[in-house]
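**Student:** build me a model:
(one chain, ligands or ions: 1)
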Amino acid sequence: MKTTGGSEAEKRAAGESAAETVEDGMVVGLGTGSTAAHAIRAIGRRVDSGLDVRGIPTSFQSRELAKEAAIPLTTLDEADEVHLAIDGADQFSGPHLVKGGGAAHAREKIVDAAADRLLVVADPSKFADELDHPIPVEVLPDARTTVAADVRALGGTPTLRTAERKDGPVVTDNGNLVLDCDFGAIPSPGVLASELAELPGAVEHGLFVGMADEVHVGSDDGVEVRRF
Ligand SMILES: O=C(CO)[C@H](O)[C@H](O)COP(=O)(O)O
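**Tutor:** Numbers count the residues shown, from 1 in each chain. Model prediction:
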């Protein structure tokens with residue numbers, strides 16, 4: 001699994017803290033990444049002890065982890081309500097997030113937005129006063145060149161994400177490509193989010209504007225919960 005940012009202990013503290021908030025009968029969105037993985041494993045241990053919960057995975061990775069942890073699964077089609085989603089982030093500033101380091105942001109955004117509450121799990125390295133992390137944009141393969149040109153016209157620098165253990169590009173769970181788009185500092189995330197959402201052929205971008213209800217920040221000294 002790809003790991004970024006802080007220590008495993010910090011990530012585990014954050015993931016376990018969020019997993020503690022899950023209650024009997026809940027349907028829970030299961031995020032992607034190394035921090036969300038700690039939450040999934042912790043929920044699995046609680047299922048082992050009798051917690052009645054159903055999970056909705058946001059990626060191939062989180063589905064496999066949930067299966068290993070014996071968390072019963074459901075889908076957005078079947079569930080009447082998603083009570084909670086627990087997900088990681090590449091960067092957060094207040095309730096605004098940059099996601100997609102694992103190229104899963106399209107499904108993550110669908111599930112996270114459907115949830116009554118989104119709990120973000122992060123280590124302290126993910127905090128920024130102002131977002132400035134490159135924004136992943138999932139694009140239809142045919143639109144790679146045109147979306148890249150559109151991103152340049154918006155003042156960004158797009159880079160096609162390449163795979164580490166395969167020649168060529170990263171292909172998402174949806175069969176698409178990812179452009180990591182560097183805009184430098186992002187003083188108005190909502191404006192940029194709207195501009196990116198309008199690009200033909202851009203399936204989804206990794207700006208999650210105002211979406212976090214809580215961020216659980218794990219550290220060696222414990223967990224700080226920021227509420228918005
Ligand atoms: O958005 C994501 C995947 O698309 C992840 O949640 C994000 O990359 C954070 O991952 P990690 O907890 O491993 O740092």
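
**Student:** and the protein, what are its domains?
**Tutor:** Under the assignment automatic domain parsing, the domains of the chain span 8-128+210-227, 135-204.

**Student:** dump the residue contacts of residue 37.
**Tutor:** 1, 15, 61, 62, 65 (CB atoms under 8 Å, 6 or more residues apart in numbering). C-betas here are computed from N, CA, C, even on glycine.

**Student:** one more time with 10 Å
**Tutor:** Taking CB atoms under 10 Å, 6 or more residues apart in numbering, we find residue 37 in contact with 1, 3, 11-12, 15, 30-31, 61-62, 65-66, 69, 88, 121.

**Student:** now, which of the residues you listed sits nearest the ligand?
**Tutor:** Distances from the ligand to those, taken as CB to the nearest ligand atom, are shortest for residue 88 (2.9 Å).

**Student:** what about the closest one, neighbour count?
**Tutor:** 30 (other CB atoms under 10 Å).

**Student:** next, work out how far apart it and residue 216 are.
**Tutor:** Look at residue 88 and residue 216: by CB to CB, to the nearest Å, they are 10 Å apart.

**Student:** residue 43 now?
**Tutor:** Per CB to CB, residue 43 is found 14 Å from residue 216.

**Student:** quick one: common contacting residues for those two?
**Tutor:** The contact sets of residue 43 and residue 216 overlap at 15, 16, 18, 19, 20, 86 (CB under 10 Å, 6+ apart).

**Student:** coming back round to it: for the domains of the chain, which one ends up most surrounded?
**Tutor:** domain 8-128+210-227 (a mean of 21; mean count of other CB atoms under 10 Å).

**Student:** residue 204 contacts residue 58, correct?
**Tutor:** No: at 12.0 Å, residue 204 does not count as touching residue 58 under the criterion of CB atoms under 10 Å.

**Student:** list residues touching both of those two?
**Tutor:** Joint contacts of residue 204 and residue 58 (CB under 10 Å, 6+ apart) are 99, 105, 106, 107, 108, 109, 110.
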